[in-house]
Structure formats: C-alpha cells, structure tokens
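Novice: how would this look folded up:
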Amino acid sequence: MYKLSRLQKIFRMSSESKKNFAIRTAKEAAQILMKYFRTNKIQKQLKKGNQWVTRADKESEKLILKRIKESGFDGKILSEERGELSFGKSKNRWIIDPLDGTIEYAKGSSYFCVSMALEENGEIVLGVVYSPVLNELFYAEKNKGAFLNGKRIHVSQETNLKKSIIDFAVWPTKNATKEYLVKLFSKQLVMYTYRFHGALALEACHVARGTFEVALDTSANLYDIAAALLIIRESGGKVTNIHGKQWNLGWKKNSFLASNGKIHKKVLRLFKL
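Specialist: Predicted coordinates for the structure are as follows:
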C-alpha cells in the first residue's frame, strides 16, 4: 500500500505543522538569496512594469514550489514570477513572494525578505515573513497572535499623527496619478515623518512590531502583502486600501494601507485630497 511521505502528511496535520513547514521553507529559500547577495552572480534583468528580477528570485521561487509540491498540497499557488499554478482541485492557496525587495537586494541593501501565506476557505490563516540579513522571522496564525523570533508583538499605541512614522512607496496609478502625487507632496507630506524602503511585506511587519505606525503603497500586489495582512491584524493593527476599503484577496493589485489602527482614519484623511 502506498505510504505518504513525512512532508505529504503535513496538510493532514495541525496548523502547527503547517507553520513549521512554512518557516522551514522560507528559511531554506533565504539561504539561496544569501548565496548570491552582494555578489556579481545575481544576474539581474528588467521585466515588465520596470521591475527587476534576479537569479535569486527565480531559484528561491523554484525551491518553494518544489517544497509545496512535495508536501502533497492540494490547491493553488500564487507566486510573483510564475503567476497562479494549480496543484489540485482545492480552493486553498499558497501565496508567495520568493524575494520581496528585489531592487534593494540587487543594490546590496539588507532590506529584503521571503514571504509565504496560506489561504484556506477564502481567508489567510498563516503568514510567514523572513528577513535573513536582519535575522527577523515574523509569523502569525489566525486567532493566535503575531510573533517576531518567537516573541509576541503588538502595534504601536501612538495616536498623534505628527509623532508617527509613515513608511511608504508611491507609484503613479489610475487611483494615484502623477498630479495627485505632486499635490500630495506639496500640500500635505511636508508636515510628517516618512521613511522609504522597498520590501512591503517587511515594512508592514515593522508596523506590526510597533517600529512604524503606517506602511503604505499606492500599487501593491497580493503576493507582496498576503502574509503581512494576517501579521498586522494579529498584532492589533488594521489594513485597508487608501480609500478605506478592506483589502480583498480577490484583488490582484490595489493600494495598501496598514496602520496601528489608532491613526488609520487620520491617515486616510491625510491622503484624501
């Protein structure tokens, strides 16, 4: 009689096993990223949308897809480089970003990560974000809290917008035109404190731990923020788009606004011109 391998039993086991699988896989993928980090072997290329892809992106993704397939997972996978793949009839889905922060990575910045989220019955039930250079492992399970390197984390308690740090990336889109962005910078943003990074999943996780009060991106992909969606919520924060609508897993791309929840309405007003 055919016997399931150890990995193939994972998705018939507990959520703890799924979490451990995601953590192991993210760390294994991160080893690939570190192999090419700050070397002349990353082989960066420009792809559609003026975005970069590197050898590390592709090899990290290949490893993650292989591990998910070996696990016996029945469902779909959404990944940045390969799009949506089917590994069965289930509607469950892994949503992965094998290298979030590719431009930073290619430039030698330490601000990048691997992101994995598991969607079951239409909602994210597990999120893992691992930053290898910073040695930061963020993870959350639905209704079990958010953690950084095994310690429970919570969002900032700051309620004063002018004392808050807003970490954001702005891209011209149909909802955030160049004219809108020029007006925003000239009329509003000079009053507040901002930081600009590039790995959105990691930025959102730093909202979850209370380092920043807000992480915002005017054009976020689902694979960028799926894991962070749960981590933010489990840490006490709030996630919407910049128009205040709850982020929907049916959206492939939309604006993204994560906050400590206490200043969310104030930020929405700030970005509404």
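Novice: Enumerate every residue touching the residue nearest to residue 29 when sequence neighbours are not counted.
Specialist: Leaving aside its sequence neighbours, residue 29 sits nearest to residue 60 (Cβ to Cβ, 6 or more residues apart in numbering; 4.3 Å). Using the backbone N, CA and C atoms, a C-beta is placed for each residue, glycine as well. Contact analysis of residue 60 by Cβ atoms under 8 Å, 6 or more residues apart in numbering lists 29, 30, 32, 33, 98, 99, 114.
Novice: Relative to residue 204, how far out is residue 60?
Specialist: To residue 204, residue 60 is 20 Å away according to Cβ to Cβ, to the nearest Å.
Novice: again, but for residue 61
Specialist: Distance of residue 61 to residue 204, computed by Cβ to Cβ: 21 Å.
Novice: between the two, which one's more packed in?
Specialist: More neighbours surround residue 204 than the other of residue 61 and residue 204, with 34 against 23 (other Cβ atoms under 10 Å).
Novice: Now do the contacts for residue 106.
Specialist: Contacts for residue 106 (Cβ under 8 Å, 6+ apart) come out as 42, 44, 52, 54.
Novice: Tell me which two in the residues you listed are the farthest apart.
Specialist: By the measure Cβ to Cβ, 42 and 52 form the most distant pair in those, at 9.6 Å.
Novice: Comparing the two, which shows the higher neighbour count?
Specialist: Higher neighbour count among residue 42 and residue 52: residue 42, with 20 against 16, using other Cβ under 10 Å.
Novice: That one sits in which helix or strand?
Specialist: Under DSSP states H and E, no helix or strand contains residue 42.
Novice: shouldn't it be in contact with residue 57?
Specialist: No - the criterion here is Cβ atoms under 8 Å, and residue 42 misses it with residue 57 at 9.1 Å.
Novice: quick check, nearest of the contacts of residue 60 to residue 143?
Specialist: Relative to residue 143, the closest of the contacts of residue 60 is residue 114; by Cβ to Cβ it sits at 24.1 Å.
Novice: close enough to count as contact, the closest one and residue 28?
Specialist: No - using Cβ under 8 Å, residue 114 is not in contact with residue 28; the gap is 9.1 Å.
Novice: who has more neighbours, those two?
Specialist: Higher neighbour count among residue 114 and residue 28: residue 114, with 32 against 16, using other Cβ under 10 Å.
Novice: Roughly how far does the residue lying closest to residue 254 once chain neighbours are set aside sit from residue 130?
Specialist: Sequence neighbours aside, residue 241 is the residue nearest to residue 254 in space, at 4.9 Å (criterion: Cβ to Cβ, 6+ apart). Distance of residue 241 to residue 130, given as Cβ to Cβ: 26 Å.
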